[in-house]
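S.K.: What follows is a predicted structure for the sequence shown.
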Amino acid sequence: MRKDKILTIDDDPDILDVLKLTLAEHYDVFQAADGRQGLNLTQQKNPDLIICDYVMPGMNGQEFCKTLKKDILLRQIPVIMLTGKGELKDMVGGIEAGADDYLVKPFEPDELLARIRMILRRTIRSLDANPLTHLPGNTSIVEELKRRIDGSEPFAVGYADLDQFKMYNDKYGFEKGDEIIRMTARILIDAARKKGGPNAFVGHIGGDDFVVLTEDSLMDAVCQSIIEEFDKIAPQFYNEEDRKKGYITGKNRQGNEIKIGLLSISIGIVSSAAQKITHVAEVSEIGAELKKYAKGIEKSVYVRDQRCSGRQG
């Protein structure tokens, strides 16, 4: 069973040791000695929760939290701020910077564990987050779409899902299927962060369906990055025999045995630069149609609403 990931940030190695001893039995723990190192690890590991000291050299806890909450791909991660005993101004500063809770040092391990459990439950509910990937879910996706539609800048929405995923699940099991979903989420987040600009957004509709939103001019580069990385990593989730063959066998709805190619990803792009969009329903309808068209190409591909393929060969 997957453990939630927790990042702890503190310049005091003794505090880091205490945190690791307290958390390691229940969570996957990653540690950083300062705020900047903490930001780098957050981008790499995408933790479910962060515990951060308020007073640190370089980038302190308040600065770390403010920077984190400005990042559209990271701001949903809850933060517990550690403060010194009686330092009321630190508590207030941490909360104002966006921290979700605070704890005074020295702390009781049981209290820390209880607060972590409470915050993780609350975060999933309040963010409408997908429990598997912790990405924003349908409510957050709709709100983000409305915000883009009401804005003045051209935007694009990429509707992505996996081809042959059901057959993969049937052969390899739901646990391996969940690994594929989490891997896809990481690929989309990395591509959005590297190619999509500071306002890129990634959401998880459910199952193997995702959305990526960014500026129209950046969407092609995002999709190319997603496809290249997915095609490089996906074969690693097959056994050697299936990987060499390049297909698996399964049964269609009529019960007949068929050969199914390896997993690929299809993305349909809806662009406000190509046509005026006034309602979320328009985006969903066009995106579903484009995604269906892309899936018929039988390889990893993205298509825009002009019906132009973004990847050849």
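M.R.: That came through fine. Residues are numbered from 1 along each chain as shown.
S.K.: how's the chain carved up into domains?
M.R.: Using automatic domain parsing, the domain parsing of the chain gives 5-127, 138-304.
S.K.: Which parts of this structure are helices?
M.R.: 13-23, 35-45, 61-70, 88-97, 109-127, 138-150, 165-172, 174-195, 216-233, 240-245, 280-295 (DSSP state H).
S.K.: which one of those helices has the lowest average pLDDT?
M.R.: Within the helices of the chain, confidence is poorest for helix 88-97, with a mean of 68 (mean pLDDT).
S.K.: contacting residues for the closest residue to Leu188 other than its chain neighbours?
M.R.: Among residues not flanking Leu188 along the chain, Val202 sits closest, at 4.9 Å (C-beta to C-beta, 6 or more residues apart in numbering). For glycine as for every other residue, the C-beta is placed from the backbone atoms N, C-alpha and C. By C-beta atoms under 8 Å, 6 or more residues apart in numbering, the residues touching Val202 are 73, 135-136, 185, 188-189, 192, 210-213.
S.K.: what do you get if the cut-off is 10 Å, keeping everything else the same?
M.R.: Contact analysis of Val202 by C-beta atoms under 10 Å, 6 or more residues apart in numbering lists 72-73, 133, 135-136, 141, 144, 158, 160, 185, 187-193, 196, 210-214, 222.
S.K.: Only whichever of those are buried, select them in ChimeraX.
M.R.: To isolate the buried members of the contacts of Val202 in ChimeraX, using 16 or more other C-beta atoms under 10 Å:
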select :72,73,133,135,136,141,144,158,160,185,187,188,189,190,191,192,193,196,210,211,212,213,214,222
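S.K.: coming back round to it: can you put the helices of the chain in a markdown table and add distance to Ser264?
M.R.: Converted to a markdown table, those look like this (distance: least, C-beta to C-beta, whole Å):
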| stretch | distance to Ser264 |
| --- | --- |
| helix 13-23 | 38 |
| helix 35-45 | 26 |
| helix 61-70 | 34 |
| helix 88-97 | 42 |
| helix 109-127 | 30 |
| helix 138-150 | 23 |
| helix 165-172 | 10 |
| helix 174-195 | 11 |
| helix 216-233 | 7 |
| helix 240-245 | 14 |
| helix 280-295 | 9 |
